[in-house]
Every structure is written in C-alpha cells, then in structure tokens.
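In: Sequence and computational prediction follow.
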Amino acid sequence: MSQDSTLRTFQVATGICLVCSLFVSTAAVMLAPRQGENKRLDRIKNVLMAGHLEEAGKSAGQIYRERVEDRWVNLTTGDFVPDDQLADLPDPNEFDIKAMMMDSFHGEDIPADEDIARIKRRPKNMVVYVVKEGQRLQQVILPIYGKGLWSTLYGFLALKDDMRTVSGIAFYEHKETPGLGGEVDNAGWKASWRDKLALSEEGSVVIEVIKGRVDPESEQAHRQIDGLSGATITTRGVDQLVKYWLGEYGFGPFLKRLREER
C-alpha cells in the first residue's frame, strides 16, 4: 500500500471517529434531562414499594405528591435540617447518595470500628420520606446501603408509625448473583420483612437476617428474617447494613426523636 493510501485511510478513520464522538456526546447531553427524570421516577417507585403505598388507578408521581414528604435529616443530631440551612443542600428530588457521600463537603469517613456495613463513607445529611395521613405520622421510609458479596446494595427500609416495626423493604440497585444473593429482589422474601420487629422499646436493633430459615415456633421469630439460600455473604451484608442504618451511627438518633414526639 502506498504512503498516500495509508495516510488517506488514517484520515478517513480519524474523521469517522470524530463524527461518532460528536454524535455520542450530543446524544448524552440531550438525554441527560430524561435520564435524570427516569432516575427520579425510579426512586419514587421504590420508595412507594418499600412502604406498600401503591394504589390502583394512580400514578407513582400522584401518590408520592399526595402521601410523601421528603425531608433532610442530620444523621449526627437526628434532627430535621432547619430551613435556614437547606440552601447548602441539593433539592431532595436530586438526592444522590453516591455523590453526597464522596463529596468533600457533604460526605464524611466512617471510623472502621463503626462501619459494620462496610461502606467507608456516608453523607452527613440524608433524605428521609415521611408518610402522613392528615397530621398523623404513618410511616417513615429510610434510604439504606451496604456491601454484599459482589456489590453495594442500595434500597429503602420502611418503618411503621411506632418507629420500631418494619413496614417493608426494597432494593433498587445491586450486582449480586442472580438466583442467590440476587434473591433480595424476590417478592416473597421482601414480603417476609413486613411486621417484623426491628427495634426494642429502648431503641436497640433486634432484627436479624439469619443463616437458614426462621423457625416459626421460635420466640425470636418475630424479629428474624430468612437468610438467602446459598448466599451467606449477601445475607450477612443485608443483616449488617440494616443494623448499621437503624443503629446509633445511622438513623438511630432520628428514630429516637420521632418516638419521643409520638
């Protein structure tokens, strides 16, 4: 092949690459708003799923607007973030756990002796989802995350109005093995969390995801969840992430405040 032909081939290939890159970049920019909206709607659907708030004939957006109030909570104090400090935080609809926890201002390291969920960092403030009927608090839905076998699992845990009993759980992102750890998506397994006792009267975490199946005759059955068959590490990960987020270093101070205000 002559030098001119080689040069011509290189120029054509470079031109094609540049044109393709331009198309990809343009598509990414144009689709970004739609992707953001889809991500918001997916979060809303999973919040409603965790709280068993779906209603026939109503869209997820409509139910969310009518039933759910999203509020920022300071994890250290357990208080709702006051209005005069909200300007420093994103809109709750744009809450992104990954971005917040890695941000040098909004995130913080977790001491190793406290990090039973193996997440290393957390946001200083988290969005919680308060469900009311009139002025009466019905549920609170909490974002949770922690390490499984292959991935970090992200989801929501809903508590009933006593702030001690589970209403539901849903995971919306993970990369656990299908048929094993991936059974966190199994509707039957998720349903088994409903009405289980998560916290004692004193606020200690008592819920437990065990290895194997729960003995329905056991005195502890009311606070135990079946383990995931063949997925010991994912089972342990779910157990630990739930204990972390319900405990004193997670939403524990916030839940204590809500119980005291009932």
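Out: All right, it came through fine.

In: Tell me which stretches of the chain form strands.
Out: Listed in chain order, the strands of the chain (DSSP state E) span 68-74, 107-109, 121-123, 125-133, 136-147, 152-160, 166-173, 208-209, 224-225.

In: what's near enough to touch the spatially closest residue to residue 160 that is not a sequence neighbour?
Out: Excluding the flanking residues, the one nearest residue 160 by Cβ to Cβ, 6 or more residues apart in numbering is residue 167, at 5.0 Å. Any C-beta I mention is one placed from the backbone N, CA and C, and that applies to glycine too. Contacts were defined as Cβ atoms under 8 Å, 6 or more residues apart in numbering; by that measure residue 167 touches 50, 51, 52, 139, 158, 159, 160, 194.

In: hang on, the earlier thing: let me have the strands of the chain in TSV, adding mean pLDDT and distance to residue 82 as columns.
Out: TSV is the format used below for the strands of the chain (pLDDT from 0 to 100; distance: least, Cβ to Cβ, whole Å):
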stretch	mean pLDDT	distance to residue 82
strand 68-74	95	9
strand 107-109	97	20
strand 121-123	97	17
strand 125-133	94	11
strand 136-147	95	19
strand 152-160	97	23
strand 166-173	95	28
strand 208-209	97	36
strand 224-225	97	36
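
In: between those strands, which gets nearest to residue 181?
Out: Nearest to residue 181 among those is strand 152-160 (8.6 Å), distances taken as Cβ to Cβ.

In: separation between the residue sitting nearest the centre point of the chain and residue 120?
Out: The centroid of the chain falls nearest to residue 155 when counting by Cα atoms, centre = their mean (3.0 Å). Distance, residue 155 to residue 120, by Cβ to Cβ, to the nearest Å: 18 Å.

In: ok, now residue 93?
Out: 26 Å.

In: got it, and residue 174?
Out: For residue 174 relative to residue 120 (Cβ to Cβ), the value is 17 Å.

In: Give me the more crowded residue out of those two.
Out: For residue 174 versus residue 120, neighbours defined as other Cβ atoms under 10 Å are more numerous around residue 174 (21 against 13).

In: residues in contact with residue 172?
Out: 42, 43, 46, 154, 155, 156 are the contacts of residue 172 under Cβ under 8 Å, 6+ apart.

In: List buried residues within those.
Out: Buried residues within the contacts of residue 172, defined by neighbour count using 16 or more other Cβ atoms under 10 Å: 43, 46, 154, 155, 156.

In: Pipe those into a markdown table and attach distance to residue 100 per row.
Out: Output for the buried ones among the contacts of residue 172, formatted as a markdown table (distance: Cβ to Cβ, whole Å):
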| residue | distance to residue 100 |
| --- | --- |
| 43 | 14 |
| 46 | 18 |
| 154 | 13 |
| 155 | 16 |
| 156 | 16 |
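
In: farthest-separated two in those residues?
Out: Using Cβ to Cβ, the buried ones among the contacts of residue 172 span at most 10.8 Å, a distance reached by 43 and 155.
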